[in-house]
Structures are given as structure tokens and as C-alpha cells.
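S.K.: sequence and predicted model, in that order:
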Amino acid sequence: MKTFPLPGLTLQEAKELQFRLVDEITREFRGSEILTRGDLGVVKGLNKPRITEKVEKVLARFFRTDSCMLVRGAGTNAIRMALFSCVNPGDHILVHDAPIYPTTQTTIDLLNLQVVRADFNRTESIVETLESNPNVKAALIQYTRQKMDDRYDMKAVIETIKSNRPNLPVVTDDNYAALKVKRIGAELGADLSCFSLFKLLGPEGIGCIVGKAEYIRKLVRQNYSGGLQVQGYEALEALQGLIYAPVMLAIQAEVNERLVTRLNNKEIAGVKRAFLANAQSKVLLVEFEQEIAEKVLEEAEKLGAAPYPVGAESRYEFVPMFYRVSGTFLAAVPALEKRMIRINPMRSGEETVLRILKSAIEKAVESM
């Protein structure tokens with residue numbers, strides 16, 4: 001079995017990203033504005049808090065895009081709204097030939113979109129599918145992997161679509177990739193990129209859409225209600241989280257790299273092999289020699305490991321997380337459920353992860 005995890009940022013690159021974001025903040029905000037909790041309500045002429053507008057301007061420049069809109073409903077609603085801005089109910093949409101992330105499938109169902117599949121791992125498949133389906137009205141690309149053997153390059157997929165259909169709107173789901181990779185979808189030529197700020201140390205329920213102004217202007221017009229606005233204090237919290245996320249995620253990636261090496265060097269009995277994969281966040285997949293996955297997860301929780309995500313890398317998640325392989329991966333390879341788990345070290349070091357894993361395996365084997 002071979003996996004193709006997304007290339008991540010080095011610690012130095014992550015620090016430079018942090019510094020660039022802070023620099024953009026100082027270009028938009030007065031110092032005294034940063035030392036507040038933000039404003040509230042629909043300010044006349046803006047129909048949103050002034051601080052929210054300022055944060056959106058910062059993020060548009062930071063991600064090198066025309067425009068930005070903060071939305072309620074986290075990454076799920078960001079994708080839903082992005083699709084709503086560029087397709088009509090019942091339209092045909094191009095997606096990767098793989099299990100669709102469940103919350104995205106809900107949006108597809110809600111809009112009654114007709115899915116047209118192409119193998120994004122092969123650019124010729126994209127070309128053939130677009131040529132044989134002229135009724136496709138938009139494309140949706142998930143940045144992270146949907147199958148273990150996915151290896152497509154986001155830039156190549158976007159360029160292939162745009163070279164064949166220059167005016168076809170391309171929406172990218174950048175959840176679990178934003179601030180972990182050098183460029184998000186909108187920086188690589190997509191029309192809109194969507195991601196959750198809760199996954200980047202921000203407040204619950206806040207999502208972000210960045211990209212072309214023509215689509216975001218449409219969404220702003222349609223979301224005029226005061227109850228839909230992201231308040232100033234929420235926007236500031238989101239910005240504060242983004243500042244610390246790149247370096248934190250780069251450290252997490254370093255720990256993962258060391259873990260996969262040590263496990264594949266047979267440091268812990270009972271582990272058959274380990275992989276790094278984006279499933280959906282970049283995690284460690286551990287395959288056991290026996291079908292003990294469920295019991296290992298049960299024992300790991302008793303030893304201090306988190307058994308399930310809150311926001312998947314949210315600010316509440318700092319102990320290592322031991323949990324089942326993602327639903328999209330299991331849909332592709334159901335047999336993995338009994339002998340494989342995924343581990344995200346979060347803020348812990350590899351020694352903590354290895355200690356919990358070793359003890360959990362021993363207890364699981366003893367109980368058989």
C-alpha cells in the first residue's frame with residue numbers, strides 16, 4: 001500500500017507565513033483596534049461590523065485573492081455557499097472519482113447537483129470527461145486525499161480544467177490543507193477556496209471563502225441578514241488563531257514524520273506498518289498485525305488519548321487523538337476498519353504517542 005501525502009511546510013516556511021500575516025494585519029489595522037474585542041452589528045454602508053470587513057481585507061491580501069467573506073457554518077457552509085454562487089440547482093458538477101466527503105455530499109443533495117466523475121489522478125481523464133460532458137457547469141476539488149492512493153496535484157488539476165474550459169468555475173475545498181501547504185486552491189487558479197477557521201485555532205462555526213470578487217459580491221448581496229454576519233469579536237478571534245496555526249501545524253507535521261520512521265523501524269510490537277496520509281488532516285495511519293483496531297482505540301482513550309475530534313485540529317484539541325480511519329477511506333477499503341487506526345499527535349511529542357500506542361496494543365492483545 002502506498003500513500004501520497006501532501007507536501008507540507010517546513011518550520012521556517014511556517015514562520016515566514018506567520019510573519020507575513022502579521023505584516024498584513026499592521027497594514028490594515030491601527031494598533032488600538034487590535035487591542036479590542038471588535039464591534040457588533042450591521043454598520044450603515046457596510047451591513048457588517050467594521051472589524052469583520054478589515055479582517056476580510058487582510059485575508060484577501062494574505063491569500064493573494066480579490067476578495068474574502070467570513071461565513072457562519074464553518075467549512076461545510078463555506079463550500080455550500082461557494083457552490084451556490086456559481087451553479088444552479090440541478091446543474092452538473094465535476095468531481096473526483098472517489099467517495100465524496102459526507103458533509104459535501106449533503107450540499108450536493110441539497111442543491112440537487114448531478115455529479116460527473118473524473119479521475120483527478122490522470123489529467124487525461126479530466127480532459128476526456130469535460131469534452132464528453134459539455135453540460136458541466138462547475139468543478140469541485142477537495143485538496144486533501146479522498147482515497148489512499150490519491151496523488152493528484154492541485155495546480156495540475158486546476159490548470160487542466162481551465163485550459164479545457166477557461167470560464168468553468170472551480171471551487172476548492174481547502175479544509176485540512178490551508179496553512180499546511182504553500183498555496184491554497186485560489187492561489188493556484190481556482191475561482192473560490194473554502195475552509196473552516198475552527199480547524200485553524202479560530203472560534204466555532206466560522207468559515208472562510210476567498211477568491212474572485214464577482215462570486216463573493218453575489219454572496220454578500222444574498223446574505224444581508226444581521227443574523228448571518230460574523231461579528232467583529234469572532235473575526236478577531238479567527239485572525240488570532242490564524243497567526244499561530246502555521247507554526248503549530250508545521251511542528252505537528254515534524255512529529256508525524258518522526259513517528260512514521262520509528263514505527264516502521266519496528267519500535268513497537270504488533271504494528272505491521274505505518275503511513276502518512278491526508279485522511280482528511282495529515283495523520284499517521286497505523287496498521288496492526290492483528291484485528292485489534294477497535295480495542296486499541298478503547299484502551300488509548302483510557303490512557304489519555306482523545307477518542308474523537310471536536311473540530312479536527314481545533315484549539316480544544318491538544319492531546320494526541322486516536323480514532324478510526326476516515327469514512328471516505330473506509331468506503332474505498334472497508335477491510336481496514338478492523339486493523340487500522342489513525343493518529344494525530346496534535347500538540348504532543350512522539351514519545352507520548354508511542355507510550356500510549358504501546359500500552360494500548362499490549363492491553364488489546366491481552367484481552368483477546
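M.R.: That came through fine.
S.K.: the spatially closest residue to Ser196 that is not a sequence neighbour: what secondary structure?
M.R.: Distances taken as Cβ to Cβ, 6 or more residues apart in numbering place Gly75 nearest to Ser196, at 3.3 Å, with adjacent residues excluded. Using the backbone N, CA and C atoms, a C-beta is placed for each residue, glycine as well. With DSSP: H, G, I helix; E, B strand; the rest coil as the basis, Gly75 sits in helix.
S.K.: what's the answer for Leu236, then?
M.R.: Using three-state DSSP as the criterion, the local structure at Leu236 reads helix.
S.K.: my guess is it meets Lys54, correct?
M.R.: No - the pair Leu236 and Lys54 does not pass the contact test of Cβ atoms under 8 Å, sitting 9.2 Å apart.
S.K.: poorly predicted segments of the stretch 1-150 of the chain, please.
M.R.: Applying pLDDT under 70 to the stretch 1-150 of the chain picks out residues 1.
S.K.: mind jotting down where the strands sit in it?
M.R.: Using DSSP state E, counting those that start in this stretch, the strands found in the stretch 1-150 of the chain span residues 67-72, 92-96, 114-118, 136-142.
S.K.: pick the most deeply packed of those.
M.R.: With neighbours defined by mean count of other Cβ atoms under 10 Å, none of those is more surrounded on average than strand 136-142, at a mean of 24.
S.K.: still on that earlier bit, do you know which of the strands of the stretch 1-150 of the chain lies nearest Val365?
M.R.: strand 136-142 (36.5 Å; Cβ to Cβ).
S.K.: what residues of the helix or strand following the closest one count as buried?
M.R.: The first helix or strand that comes after strand 136-142 along the chain, using DSSP states H and E, is helix 154-164. For helix 154-164, the neighbour count (16 or more other Cβ atoms under 10 Å) marks Met154, Val157, Ile158, Thr160, Ile161, Lys162 as buried.
S.K.: same check, this time on stretch 247-259
M.R.: Buried, per 16+ other Cβ under 10 Å, within stretch 247-259: Val247, Met248, Leu249, Ala250, Gln252, Ala253, Glu254, Val255, Asn256, Leu259.
S.K.: tell me who's in contact with Arg80.
M.R.: Gly73, Thr107, Leu110, Leu111 (Cβ atoms under 8 Å, 6 or more residues apart in numbering).
S.K.: and it, how far from Ala138?
M.R.: Applying Cβ to Cβ, to the nearest Å, the value for Arg80 to Ala138 is 13 Å.
S.K.: one more: Glu362?
M.R.: 51 Å.
S.K.: same question, Ala238
M.R.: Distance of Ala238 to Ala138, computed by Cβ to Cβ: 27 Å.
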